[in-house]
Structures are given as structure tokens and as C-alpha cells.
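> The sequence and its predicted three-dimensional model are supplied below.
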Amino acid sequence: MSKDLVMRAITGKKNVKKNAASTNTMGRFETEMLAMRDNLGALSEIKGSWVQRAIDKTSYRRIILDMDSSESQVFGEQEGSAYNVHFRCTCFHPLFCFNQFGDCE
């Protein structure tokens, strides 16, 4: 995700040979920004028009989007973490969306 074009737009870093953000910055983004109530709501309401805009910007006739989450166990009282019944631990649980090339959208 640190090489993603959207992350580059967020951080303002255009050099494609370098990461758009450090590992620590990416962790804070995943646990602070993406976990905000408004952002979680927006992620769950991705509209077809947004997907259509993504399709319109590519020459490919078909785009495959794979949404998946990741679990990162934490210890102590880390801000943004919560107990997850499925994983049976306190963790960060960010959601990711990948295209068919493995790029994080």
C-alpha cells in the first residue's frame, strides 16, 4: 500500500521509486484513519459509480476487485485496536481492496 497511487496523492509524494509513506505512517493510517466511524461507513457503501470510474480509466474490459482484511495482533492498550472474536485476540483489523494485478486500490 505504501507504493499505491492513492497513498501518493494523500502524502503528496510523487517519486515512484520511493515509498509514499513509512511503515509506521502506514500503520497509523490503517488504524486511525481507516478505522474512523465515517470511513468504515464509506467503505461499506462503495458505489457502482466509483467502480465504473475505475473501469473507465483503464483499457481493460474487466477489473477484478478482491476485498480482504488483515489481522495484526497487538499487546497492551493500543489505540484503535479491539478484541476480535474470530481471531480470538486484540488486534488491528484493516480492510484492503486489491485489483487483479495485486495492487492495493
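Good, I have the coordinates. Residues are numbered from 1 along each chain as shown.
> Helix or strand with the lowest mean pLDDT in the chain?
helix 5-11 (a mean of 65; mean pLDDT, DSSP states H and E).
> Return the distance of the next helix or strand after that helix from the chain's centre.
Per DSSP states H and E, the first helix or strand lying C-terminal to helix 5-11 is helix 23-28. Remark: helix 23-28 is offset 12 Å from the chain centroid, using Cα atoms, centre = their mean, to the nearest Å.
> when you give positions from now on, start the count at 83
Will do, 83 is the new start, and the previous item becomes helix 105-110.
> For helix 105-110, C-alpha coordinates in PDB please.
Below are the C-alpha coordinates for helix 105-110, written out as PDB (Å, rounded to 0.1, in the frame of the first residue of the first chain):
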ATOM      1  CA  THR A 105       5.800   1.500   7.800                       C
ATOM      2  CA  ASN A 106       4.800   3.500  10.900                       C
ATOM      3  CA  THR A 107       2.900   6.100   8.900                       C
ATOM      4  CA  MET A 108       1.100   3.300   7.100                       C
ATOM      5  CA  GLY A 109       0.200   1.600  10.400                       C
ATOM      6  CA  ARG A 110      -1.200   4.900  11.700                       C
END
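> Let's test this: mean pLDDT of it, rounded?
For helix 105-110, mean pLDDT is 73.
> now do stretch 114-127
Here the average pLDDT along stretch 114-127 is 69.
> Do a quick rundown of the strands in the chain.
For the chain, applying DSSP state E gives strands covering 148-151, 154-155, 164-166, 171-174, 177-180.
> Tabulate those (CSV), appending mean pLDDT, distance to Asn106 and mean neighbour count.
The C-beta positions use only the backbone N, C-alpha and C, and glycine is treated the same way. Listed next are the strands of the chain as CSV, based on pLDDT from 0 to 100; distance: least, Cβ to Cβ, whole Å; neighbours: other Cβ atoms under 10 Å:
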stretch, mean pLDDT, distance to Asn106, mean neighbour count
strand 148-151, 82, 21, 11
strand 154-155, 90, 13, 14
strand 164-166, 89, 20, 12
strand 171-174, 91, 13, 17
strand 177-180, 82, 18, 14
